[in-house]
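# sequence unknown, structure follows:
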Ligand SMILES: [Zn+2]
């Protein structure tokens, strides 16, 4: 087993899993029926991606675990997702802002990962990219609509941006895992990832008449398993059935 | 003696659980079939990553082939190359339309925000005077439209490329 390889796959997998779970919390609570359906559709895509990725991580680990074991039976410090994706849904604007910052990053990541030397990763990236492009279009258009909307919607989504901006820097977190993956050709060159992401984000914020906060406090730790207080609550809900009734199926 | 063409023919009897008017062959999710004359190996690919119908499709394939006398059938799931709506057959597109679901159209680049939505003719009256209600619909593969002329609300099988 290559530890860095497993770690790398878990990072992408956990982003999909946790954000998918967060979005699923909107089921039955959307502001309008169409958006309830949109958010749960996107949640389903993300959970589907997480399934493929976690199965792959379990295979690479070679300890006889399944993707489900990784999803439901790890402890909080073993999750590798970004702090951004575990932040609470807030209002609809907050959810769209969180989604937009993530989708803009994910689209570029999947585009590049299609050329990964890990064939499974390349296949998952090719498949997921087609879905992610729809997610990005959806979240971008909502950020613009709300930002360039009424006084109320503008104020609220600007506040969401102010709240979430501190987590954006972590999208570009790299460490020895990334170096090792790049040397192995598993992770393609991402040196211009931030630049590409900023192009998308600046363009949408300009259309949305939103201002990037001047406070540049950066919060990170998710990639190392250091999470905000919110992850524990997500896991408590997500893992309840498997913890209470081990190996149960339905 | 089972042949590959037998298998293709029999798979035409397996319908998509969510859109029963389409067979799994029409939908383009069957990537290859193999047989040694007795056993069968079928390779399928999902439409969307989270498509909940894949397990059911797998079970139905095994059941159908058993019914046809193939006792041992394995189904393999592959992700690459990724499924696209271009793989839905012309027959399948016509079946969709007759069923009341608008088949995929050529869509503009998704990077253009607020682009005029694709014109999707109404499957009921044929009018092109229609509007998109939502980019996301009743299942992962559909968007929601409504006809401005006959007022029919309908699903649009959105273009995935
Ligand atoms: Zn009509």
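Right, received. Where do you want to start? These figures come from a predicted structure and were not determined experimentally.

# hey, let's count contacts and neighbours off CA atoms from now on
Fine.

# all helices for chain A, in order.
Ranges of helices in chain A, per DSSP state H, are A:3-24, A:33-61, A:67-72, A:83-86, A:92-113, A:119-147, A:151-164, A:176-183, A:193-207, A:230-244.

# closest to residue B:124 out of the ones you listed?
helix A:33-61 (22.0 Å; CA to CA).

# how about the helices of chain A in CSV, adding distance to residue B:9 and mean neighbour count?
As requested, those are exported to CSV (distance: least, CA to CA, whole Å; neighbours: other CA atoms under 10 Å in any protein chain shown):
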stretch, distance to residue B:9, mean neighbour count
helix A:3-24, 38, 22
helix A:33-61, 30, 22
helix A:67-72, 35, 18
helix A:83-86, 46, 26
helix A:92-113, 37, 22
helix A:119-147, 28, 22
helix A:151-164, 54, 18
helix A:176-183, 45, 15
helix A:193-207, 48, 15
helix A:230-244, 42, 15
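
# out of those, flag the one nearest the ion.
helix A:33-61 (20.6 Å; CA to the ion).

# and chain B, is that closest one touching that?
Yes - Helix A:33-61 lies within reach of chain B by CA under 8 Å from any CA of the partner chain, at A:34, A:37-38, A:41, A:44-49, A:52.

# turn the helices of chain A into JSON lines, including distance to the ion and mean pLDDT.
Converted to JSON lines, those look like this (distance: least, CA to the ion, whole Å; pLDDT from 0 to 100):
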{"stretch": "helix A:3-24", "distance to the ion": "33", "mean pLDDT": "98"}
{"stretch": "helix A:33-61", "distance to the ion": "21", "mean pLDDT": "97"}
{"stretch": "helix A:67-72", "distance to the ion": "45", "mean pLDDT": "96"}
{"stretch": "helix A:83-86", "distance to the ion": "41", "mean pLDDT": "98"}
{"stretch": "helix A:92-113", "distance to the ion": "33", "mean pLDDT": "98"}
{"stretch": "helix A:119-147", "distance to the ion": "26", "mean pLDDT": "96"}
{"stretch": "helix A:151-164", "distance to the ion": "35", "mean pLDDT": "98"}
{"stretch": "helix A:176-183", "distance to the ion": "53", "mean pLDDT": "96"}
{"stretch": "helix A:193-207", "distance to the ion": "35", "mean pLDDT": "97"}
{"stretch": "helix A:230-244", "distance to the ion": "43", "mean pLDDT": "96"}
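
# can you tell which of those is closest to residue B:59?
Among those, the nearest to residue B:59 by CA to CA is helix A:33-61 (18.9 Å).

# list the helices and strands the closest one packs on?
helix A:3-24, helix A:67-72, helix A:119-147, strand B:130-134 (3 or more CA pairs under 8 Å, 6 or more residues apart in numbering or on different chains; DSSP states H and E).

# what sits against the closest residue to chain B within chain A?
Residue of chain A nearest chain B, by CA to the nearest CA: residue A:48 (3.6 Å). The contact partners of residue A:48, taken as CA atoms under 8 Å, 6 or more residues apart in numbering or on different chains, are B:48-51.
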